[in-house]
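> would you be able to build a 3D model of this:
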Amino acid sequence: MVDEEKSVEPMRVNKWDSNAVKNALDDAVKKALAKKFDWSEKHSLTDGRLFISFIAVCFAGFALVWDYLHPFPASRPILIICVLSYFVLMGVLQLYIWYVEKNVFYQAVDEDPTGKLPTSYWTWSSKLKKYDDM
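As a prediction, the model looks like this:
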């Protein structure tokens, strides 16, 4: 039998790329938590980000279809509304990422199998300063 610890290959990351280092560390923590604990992952923050992005893409798709059915001079007001809506939603998405997600990379739900203890929610976040070598 091959020992699992020996069969794991080390990650290769460019140490000068701070985003790649942060993502590699986040992924290592996720793997370690998934291996050690029997928790289910909670995707509510990612779902919120996807929902905002989906609404923005719906505005862009509607503008595309409307412009196809009604060529440009007639579709100008709808295009303006859709383009402005798209950019406003991208601003909302950025605010959501800054103030709601707050660098969270993993959320877990710890449910008691007996049902006697309340459900615990765990959240992990990380932050690496730009151009930081530590």
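
> enumerate every residue touching Tyr86.
Contacts of Tyr86 were listed using CB atoms under 8 Å, 6 or more residues apart in numbering, and they are Ala56, Phe59, Ala60, Ala63. C-beta here means a position set from N, CA and C on the backbone, and glycine is covered the same way.

> and which of those residues is nearest Tyr96?
The shortest gap between Tyr96 and any of the contacts of Tyr86 belongs to Ala56, at 11.7 Å (CB to CB).

> OK, contacts around the closest one?
Applying CB under 8 Å, 6+ apart, the residues near Ala56 are Ser85, Tyr86, Leu89, Met90, Leu93.

> and the next helix or strand past the helix or strand harbouring it?
Under the criterion of DSSP states H and E, Ala56 resides in helix 44-69. Scanning forward in sequence from helix 44-69 by DSSP H and E, the next helix or strand is helix 72-96.

> distance from stretch 78-96 to the middle of the chain?
Taking CA atoms, centre = their mean, to the nearest Å, one finds stretch 78-96 lying 19 Å from the centre of the chain it belongs to.

> what bits of the protein have low per-residue confidence?
Low-confidence segments of the chain, defined by pLDDT under 70, are located at 1-8, 131-134.
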